[in-house]
Structures are given as C-alpha cells and as structure tokens.
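Colleague: sequence? don't have it. structure:
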C-alpha cells in the first residue's frame, strides 16, 4: 500500500533520456503575469462572483425592503444606510435609538400643510425656470446649469439639441433641492445632482459592499460620487450648527439667513443634535436621494410616453390649457421679457384626468415598487394605454403593507404625483420637441432596471431638438 504521507517523486526530474528538457524547464523563470494570477486569482474570482450576483437579494428581508426604502421619504433600514448611503458602522446604535424620531420628521413634508407648502415653493421655481429652460446661445459659459448637464448643442437662435433625460432630471433637481435644502446648497455645490446620479447608478455595487479599490469602473465612480455628496451635505450641517450656536463668525454669511431651508431639514437637524450625531454621521443624503430618484425620472418617462403616442400631445395640451398658461410678456419696442408661465397645481391634479391617467400608467410601467394595478388585472399590461386610468385616476396602492406604513407610502406617491404633473404640464405647455434625427419617429427607449425593485431608467440617451411653442400673440 502506498504511504499517503510519503513524499511523491520530484517533478523537477523528468524520465531518463529527457534530461535536456528538465534543464530547459527549470531554467524558465516564472512569468510575472502567472505570479500575479496566482496571487490575485482568488480575489478576482470573489469580486467577479459578487458582480455576477448583482440583483440577487443579499438577505431574505431585501425582498420586502426593495419596495419601500426606494420610495421617497420612507424609512431606510440600517443595512441600506450603511452599505448604500455610507453611514459609518459606529453609528448603528445611535440610529437605532433615533430612528423613530428621524422617520417622524417625514411628516414635515408628507403631511398637510407641509406638502402643499413645499409644492407651492416648487411651483414658483418651475414658473421661473421653465421659460428659461433653453438659452439658444452658442457660448457654453452662458448656458443654464441644466443645459450643461444635457450637453446642449446650439443649432440656431430658435433651436437647440440636447439630451432629454439629463435635461428633465436636472430641471426637477433644480426645483426640489432648493425647495427642501434652500438655494445655497446648489450654488455652493453645483455638481451635487450629478454626483447623486452617479452614486445611484452604482447602487447595486454599494449594496454589495464592494470596496472602492475594486477593479471595476462603476464601483470606483460610485464611491467617489458618494464621498462628494457627503462632503456637500456636511457643509449644510456645519452651517446649521453654527446658526443654532450663534457662533461669532462661525456661520458663513454667503449661505444667507437659511430661511429657505425646509422644516423637514431643520427638524432632522434637531434630532441629530439631541442624539449627539457627529456631522459625518448625519444621513440627510437619504433626503437628497428621495428628491432626485422618482421625482426626476417619472416626468421623463411620462413625457416620453406622451410624445411617442400619436395625437396624445394635442389632447394633453387642450386639457391643461387653463391650468398651465403661457402669456404675452411685457415689452418695450423690440425688447421684451420671456413669456410668462402660470401653473395651477389644484387644477392639474383635480381637473386634468387624461394628464393624471398618463402619469399613473407611466408609474405602472416603470416602477416595480408601485402595485396600484397588477398585470393580471388589466388587458395588454406591457402596452402604454393613456386612458387606462381615466375612470379611476386616483393614487391608490394594493400593497400588502397595512396601517400607517400603507398610508405613508400613499403620501409619498402623492408628493411624487404633484411634482411630476407640474413639471410635465409646464414643459409641454411651453416647449416643442422633435427627435434629434430629422425625419425620425418618436419611440420610448428600452427600460433598464437597476435592481429587482425600484424605478427603471432609459437604456440610452434620448437626444432631442427643442423649440419654443408658437402662440397667437407672437409676431
């Protein structure tokens, strides 16, 4: 019987007659690539496995989490706070103690009169920004920030080409972020919206806790973007601390008097201070995420669905004509202001059933977290039907969540609806869009799902040409 522990003959020695091969074999140095493979191989195999598992639930409870924390202003579980949002591990006990108070602060944006107040502030921003959406100038330095994000290309004094996805998302970001965090945040940190988008694109990598040195571009980019978002929001916390402490010279006067910072942010700040949260532990990054996910993507999808459905745009414009009005500007001789836009939130929400139906149909198609109408209950569930919700255009969910959780989810979707209808109505009342390629027809892009739940993003850029609408009072 062979002795298992007896050393096997050395493989360095080849059978007699092949000595010259043995010498040749031993004289060959181990290539650096082979050494690197031997050393890094196990790590690369692990990382590759993690990347391939993206989208597979990390924990059993993720099946429930994926349909709740992604919805704006809903409670975020600690696992997500730590992995995706980057809250330090040491903060877990503080968050467990303060979670109820922090979550209760959401009522200062989801309950009345706070939701209406926030919506009215947003409406004023829209009425100011939409008429200035396109500059029609060739000098990049003079473009609006959302034109920069949309990679605007000047065609003529009457026409510009740009990326519709970046335009809509940036426009809404420049409306909602000032309404909640105040104007100064975007003025001081103009890249924060793009940083948040880049972070969200790497959501699955961050949820998997892939480290920043992972040799995968999307992982590195997501970590860098998250770090930049934290740096920007830390400034807000420092300024709020200084304003509370009335520190002599401690507050940066360039941030203004902070009166435009919402009650939601102020109440959360009180909780942070009460529970001794350090600035680097305060996760208002979750509030920023709530503002630039659903509320920036849903208007894009709704506009794309309206534009790509024959004759629908004309019907929508006829319906909203009394609630999204464009009026003749004041002028002196050849000099005139931009046309004026006036929006009625109450009218858009209560008197425009087709606009509201297209919103709900869009929500059904692109948000897997909303189950207001199951696929088994409707005909042709994959098709966009603008009239599907005409008879019951109400925000309701068939979610299994009960009681306060269900009520809170419905409030979140109401907030999203108000923001979306206002932006969509304002833009369609004021601007004309055509596919960038002349003669092309409208087609809604393919959906890219970032995870098993949540909201779809367009699979590619949607380049369009934009012009102002012509009205009777125009020359």
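Modeller: Right, received. Where do you want to start? Treat the numbers as computed from the prediction; the structure is a model and nothing was measured.
Colleague: got the contact list for stretch 217-226?
Modeller: 85-86, 195-199, 201-203, 205-206, 210-214, 285 (CB atoms under 8 Å, 6 or more residues apart in numbering). The C-beta positions use only the backbone N, C-alpha and C, and glycine is treated the same way.
Colleague: gap between that stretch and the chain center?
Modeller: 15 Å (CA atoms, centre = their mean, to the nearest Å).
Colleague: Show the residue spans covered by the strands in the stretch 251-400 of the chain.
Modeller: 324-327, 331-332, 335-336, 340-343 (DSSP state E, counting those that start in this stretch).
Colleague: TSV please, covering those strands and showing mean pLDDT and mean neighbour count.
Modeller: Formatted as TSV, the strands of the stretch 251-400 of the chain follow (pLDDT from 0 to 100; neighbours: other CB atoms under 10 Å):
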stretch	mean pLDDT	mean neighbour count
strand 324-327	95	19
strand 331-332	73	8
strand 335-336	69	9
strand 340-343	96	18
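Colleague: for those, which one sits closest to residue 142?
Modeller: strand 335-336 (18.2 Å; CB to CB).
Colleague: circling back to that earlier point, what's the ChimeraX syntax to select whichever of the contacts of stretch 217-226 are buried?
Modeller: Here is the ChimeraX command that selects only those of these that count as buried (16 or more other CB atoms under 10 Å):
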select :85,86,195,196,197,198,199,201,202,203,205,206,210,214,285
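Colleague: Dihedrals phi and psi, the residue lying closest to residue 183 once chain neighbours are set aside?
Modeller: Counting by CB to CB, 6 or more residues apart in numbering, residue 183 lies nearest to residue 260, which is 5.9 Å off, once chain neighbours are set aside. Dihedral pair for residue 260: phi -90, psi 0, per degrees, to the nearest 10.
Colleague: which secondary structure element contains residue 170?
Modeller: helix 164-181 (DSSP states H and E).
Colleague: Now do that helix: which elements does it pack against?
Modeller: helix 114-129, helix 145-149, helix 183-188, helix 192-201, helix 263-274, helix 285-292, helix 294-307, helix 403-430 (3 or more CB pairs under 8 Å, 6 or more residues apart in numbering; DSSP states H and E).
Colleague: Now distance to residue 360 too, for the ones you listed, in JSON lines please.
Modeller: Below are the helices and strands packed on helix 164-181 laid out as JSON lines (distance: least, CB to CB, whole Å):
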{"stretch": "helix 114-129", "distance to residue 360": "18"}
{"stretch": "helix 145-149", "distance to residue 360": "27"}
{"stretch": "helix 183-188", "distance to residue 360": "31"}
{"stretch": "helix 192-201", "distance to residue 360": "24"}
{"stretch": "helix 263-274", "distance to residue 360": "26"}
{"stretch": "helix 285-292", "distance to residue 360": "20"}
{"stretch": "helix 294-307", "distance to residue 360": "10"}
{"stretch": "helix 403-430", "distance to residue 360": "8"}
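Colleague: okay if I get those helices as JSON lines plus mean pLDDT?
Modeller: Converted to JSON lines, these look like this (pLDDT from 0 to 100):
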{"stretch": "helix 114-129", "mean pLDDT": "96"}
{"stretch": "helix 145-149", "mean pLDDT": "95"}
{"stretch": "helix 183-188", "mean pLDDT": "94"}
{"stretch": "helix 192-201", "mean pLDDT": "95"}
{"stretch": "helix 263-274", "mean pLDDT": "97"}
{"stretch": "helix 285-292", "mean pLDDT": "96"}
{"stretch": "helix 294-307", "mean pLDDT": "96"}
{"stretch": "helix 403-430", "mean pLDDT": "94"}
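Colleague: Please identify the most buried of those helices.
Modeller: helix 294-307 (a mean of 25; mean count of other CB atoms under 10 Å).
Colleague: Tell me which residues are up against that one.
Modeller: Among residues not part of helix 294-307, those counted as contacts by CB under 8 Å, 6+ apart are 71-72, 164-165, 168-169, 172-173, 176, 312-313, 316, 358-359, 361-363, 365-367, 384, 386, 415-416, 419-420, 423-424, 427-428, 433, 442, 444-445, 455-458, 462.
Colleague: Quick one, which of those residues are buried?
Modeller: Listed as buried from the contacts of helix 294-307 are 71-72, 164-165, 168-169, 172-173, 176, 312-313, 316, 358-359, 361-363, 365-367, 384, 386, 415-416, 419-420, 423-424, 427-428, 433, 442, 444-445, 455-458, 462; burial here means 16+ other CB under 10 Å.
Colleague: neighbours around the closest residue to residue 344 other than its chain neighbours, how many?
Modeller: Distances taken as CB to CB, 6+ apart put residue 323 closest to residue 344, at 4.2 Å, once the chain neighbours are dropped. For residue 323, the neighbour count with other CB atoms under 10 Å is 22.
Colleague: try residue 178
Modeller: Residue 178: 20 surrounding residues under other CB under 10 Å.
Colleague: try residue 446
Modeller: 9.
Colleague: go on, residue 435?
Modeller: Residue 435, neighbours per other CB under 10 Å, totals 17.
Colleague: What lies in contact with stretch 129-147?
Modeller: By CB under 8 Å, 6+ apart, stretch 129-147 touches 148, 152, 154, 156-160, 162, 166-167, 170-171, 174-175, 186, 190, 338-341, 423, 426-427, 430-431, 466, 468.
Colleague: where's the host helix or strand of residue 434 relative to the chain centroid, distance-wise?
Modeller: For residue 434, the host element (DSSP H and E) is strand 431-435. Relative to its chain's centre, strand 431-435 lies at 24 Å (CA atoms, centre = their mean).
Colleague: Partner strands of that strand, with direction?
Modeller: strand 463-468 (antiparallel) (DSSP bridges).
Colleague: List the contacts of the residue positioned nearest the centre of the chain.
Modeller: The residue lying closest to the centre of the chain (CA atoms, centre = their mean) is residue 293, at 2.8 Å. By CB under 8 Å, 6+ apart, the residues touching residue 293 are 70, 72, 200, 455.
Colleague: Which of those residues fall within helices?
Modeller: Cross-referencing the contacts of residue 293 against helices under DSSP state H gives residue 200.
Colleague: could the contacts of residue 293 go into a markdown table alongside distance to residue 268?
Modeller: Shown next, in a markdown table, are the contacts of residue 293 (distance: CB to CB, whole Å):
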| residue | distance to residue 268 |
| --- | --- |
| 70 | 19 |
| 72 | 15 |
| 200 | 21 |
| 455 | 24 |
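Colleague: quick one: contacts for residue 308?
Modeller: By CB under 8 Å, 6+ apart, the neighbours of residue 308 are 442, 443, 444.
Colleague: just to revisit the earlier point, for the strands of the stretch 251-400 of the chain, which one sits closest to residue 271?
Modeller: The nearest among these, by CB to CB, is strand 340-343 at 33.9 Å.
Colleague: Give me the sheet partners of that closest one and which way each runs.
Modeller: Strand 340-343 has these partner strands in its sheet, going by DSSP bridges: strand 324-327 (antiparallel).
Colleague: where in the stretch 51-200 of the chain is pLDDT low?
Modeller: 51-67 (pLDDT under 70).
Colleague: Assign a three-state SS to residue 438, would you?
Modeller: Counting by DSSP: H, G, I helix; E, B strand; the rest coil, the backbone at residue 438 sits in coil.
Colleague: and it, what are its phi and psi?
Modeller: Per degrees, to the nearest 10, the backbone of residue 438 is at phi -60, psi 130.
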